[in-house]
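Enquirer: mind looking at a prediction? Sequence and model below.
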Amino acid sequence: MAGADVQEIHCKSMLNRLDVPGFPFRWTLNPYRGCRHACTYCYARPTHEYWGMDSGLEFEQRVFAKVNAPEVLREELRRPRWMGEAIAIGTASDPYEPAEAEYGLTRRILQVLTEFGNPASLTTKGVLVRRDVDVLQELSEVADVRINFSIGSMDEQVWKTNEPGAPGPMARMEAMQFLVENGITAGVMMAPLLPGISDSEESINEVAAAAAEHKAQFLGANVLFLKPGSKEWFMPMLRESYPHLTTAYDKMYRKPYAPKEYTSMVLKAVDKARWEWGLQVMEPTKDLRGRQRQLELALTA
């Protein structure tokens, strides 16, 4: 968003460990805090409260750039106990949010991962990822790497209302196709699917069709969840733009996660669309080659 303030900070560590059963990854990293894509539903909004700021406008307008992130990551990957496990990039802030055009932290992080042959997945709504196709190609030669494009709807009004600072869904599809045509594993993550807004079979099928047309190599999906810090920002938007859904959301999101029956129904619709369009299931990033590379480095140290 125009006029946003980017503050440079230095971090002591980059790798964050998750011990959550069933998660497809255990390690994450984020070059930035805050995100000018300004998605109304963003589950990462509460991270700004750690800095004593609100999860609303300040999350969108005060971005923190971890300017020493590549150097810190390099030192962490050098540690003997690091086993080259896959790292998920962009779990709390889009690694290609607008600040990346100036700071290039994500690009440098990918270069560090290439040095160590460390596998990674990266989730983004940004199209600047096209700039880094050369580094992604180099990384893919030594480790598994996957780019997940977050695209929950092809509807322009849904995009403008809920993701006002992000590139449009078609621009993301085209960026994904560019990467695939240049040898990078990339696909679509339909996330989040918004109840009553982007969860219909018609909407899901439209995304799946566009994904197939643009050569997506997989299709995944998640249903919206609203944790404290995110819910307070999302619900006012809902009351203004989708007032007829307010009562249903109040009932559905008494807890952070949607009811299991509803979630199961929506994901079955995704499975149906995936099958109809010949798309693959989204698989976890493999870390085998990363561990092999770590052993090679240890033997030559």
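Expert: Right, received. Where do you want to start?
Enquirer: my read: Leu29 touches Ala86, true?
Expert: No. Between Leu29 and Ala86 there is no contact under C-beta atoms under 8 Å: 11.4 Å. Where C-beta positions appear, they are placed from N, C-alpha and C, glycine not excepted.
Enquirer: in this structure, which strand is the longest?
Expert: strand 185-193 (DSSP state E).
Enquirer: who does that strand touch, helix- and strand-wise?
Expert: For strand 185-193, the elements it packs on are strand 145-150, helix 169-181, helix 201-213, strand 219-223, helix 260-276, judged by 3 or more C-beta pairs under 8 Å, 6 or more residues apart in numbering; DSSP states H and E.
Enquirer: low pLDDT regions in the stretch 1-150 of the chain?
Expert: Applying pLDDT under 70 to the stretch 1-150 of the chain flags the ranges 1-4, 20-24, 48-57.
Enquirer: about what we covered before: then the longest strand of the chain to PDB, C-alphas only?
Expert: Extracted in PDB, the C-alpha atoms of strand 185-193 (Å, rounded to 0.1, in the frame of the first residue of the first chain):
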ATOM      1  CA  THR A 185       7.600 -27.000  -9.500                       C
ATOM      2  CA  ALA A 186       4.700 -24.700  -8.900                       C
ATOM      3  CA  GLY A 187       0.900 -24.900  -8.300                       C
ATOM      4  CA  VAL A 188      -2.100 -23.400  -6.600                       C
ATOM      5  CA  MET A 189      -3.100 -23.300  -3.000                       C
ATOM      6  CA  MET A 190      -6.800 -22.300  -2.800                       C
ATOM      7  CA  ALA A 191      -6.500 -20.600   0.500                       C
ATOM      8  CA  PRO A 192      -8.400 -19.500   2.300                       C
ATOM      9  CA  LEU A 193     -11.800 -20.500   0.800                       C
END
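Enquirer: thinking again about what came up before, make CSV out of the helices and strands packed on strand 185-193 and add distance to Pro119 and mean neighbour count.
Expert: Below are the helices and strands packed on strand 185-193 laid out as CSV (distance: least, C-beta to C-beta, whole Å; neighbours: other C-beta atoms under 10 Å):
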stretch, distance to Pro119, mean neighbour count
strand 145-150, 6, 24
helix 169-181, 16, 19
helix 201-213, 23, 19
strand 219-223, 18, 21
helix 260-276, 24, 15
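Enquirer: okay if I get the ones you listed as TSV plus distance to Val158?
Expert: Formatted as TSV, the helices and strands packed on strand 185-193 follow (distance: least, C-beta to C-beta, whole Å):
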stretch	distance to Val158
strand 145-150	13
helix 169-181	9
helix 201-213	8
strand 219-223	15
helix 260-276	15
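Enquirer: these: which one's closest to Leu73?
Expert: Evaluated over the helices and strands packed on strand 185-193, closeness to Leu73 peaks at strand 145-150, with 15.1 Å, by C-beta to C-beta.
Enquirer: next, the angle from that closest one to helix 169-181.
Expert: 170 degrees (axes from the mean of the first three to the mean of the last three C-alpha atoms, to 10 degrees).
Enquirer: endpoints of stretch 163-170, how far apart?
Expert: Separation of the first and last residues of stretch 163-170 by C-alpha to C-alpha, to the nearest Å is 13 Å.
Enquirer: give the buried residues for it.
Expert: Glu163, Gly165, Ala166, Pro167, Gly168, Pro169 (16 or more other C-beta atoms under 10 Å).
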